[in-house]
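**Student:** Got a predicted structure plus its sequence, pasted below:
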Amino acid sequence: MRWELIDPRTDVEAVVEMADGLYGPESEGIVQRDRNVFRHHLTVCATNQLFDKNKEFIAGCWDADGKLMGYCWFDRGGYTSYSRDEISNAKFHHVDLALPVRTRYKLLNAMIDQHILWANQCGVPVICSSSIRAEQDGFLKIHAKRGFKINGSYAWGRTLELLEKMNAS
């Protein structure tokens, strides 16, 4: 397994294919998907990441044959209406659903590690992950095991507390 930041010149199509092909149908009847819109946003954010690694974080994991196994995308600048604490939100934790469960589990844990480390580096005090998937129990259980508090489909926690728990493991 090889993790790297998403390169806007070479990696965008693999991410678009995974996102729309595996996860797109879950939004049927709610939003009208457009691969070109996703491609545009992904390319712009991946390009910006080359110059400013503190704005958004987009990384992918490839197998030995160069196939995308999963990717994660985090942003920052989120806030609740009742706090001044900045929140880093996970936009996506996507893994190839054809992979063995143990591999998917390992990928998701690596993504959570990256989110905690990136938010800490950026000085963002709160991390939040959420899910719109019909089957989200496993995803949320992984977060709970990592020290996140679960509220509905949201998993969130204080960055420094999550970092301490990660380092203690």
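**Tutor:** Structure received.
**Student:** Which parts of this structure are strands?
**Tutor:** 2-5, 56-62, 68-75, 87-95, 126-130, 149-151, 154-158 (DSSP state E).
**Student:** Save these as TSV, and put in distance to E28 and mean neighbour count too.
**Tutor:** For every residue, glycine as well, the C-beta is placed using N, CA and C. Below are the strands of the chain laid out as TSV (distance: least, C-beta to C-beta, whole Å; neighbours: other C-beta atoms under 10 Å):
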stretch	distance to E28	mean neighbour count
strand 2-5	31	13
strand 56-62	25	21
strand 68-75	21	23
strand 87-95	17	20
strand 126-130	19	23
strand 149-151	26	12
strand 154-158	23	19
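**Student:** and these as TSV, adding mean pLDDT?
**Tutor:** Output for the strands of the chain, formatted as TSV (pLDDT from 0 to 100):
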stretch	mean pLDDT
strand 2-5	96
strand 56-62	98
strand 68-75	97
strand 87-95	96
strand 126-130	96
strand 149-151	96
strand 154-158	96
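**Student:** Averaging pLDDT per element, find the lowest-scoring helix or strand in this structure.
**Tutor:** Here the helix or strand of the chain ranked lowest by mean pLDDT, DSSP states H and E is helix 137-145, holding a mean of 94.
**Student:** re earlier: is it possible to export the strands of the chain to a markdown table including distance to N167?
**Tutor:** What follows is the strands of the chain, written out as a markdown table (distance: least, C-beta to C-beta, whole Å):
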| stretch | distance to N167 |
| --- | --- |
| strand 2-5 | 19 |
| strand 56-62 | 19 |
| strand 68-75 | 19 |
| strand 87-95 | 18 |
| strand 126-130 | 15 |
| strand 149-151 | 19 |
| strand 154-158 | 14 |
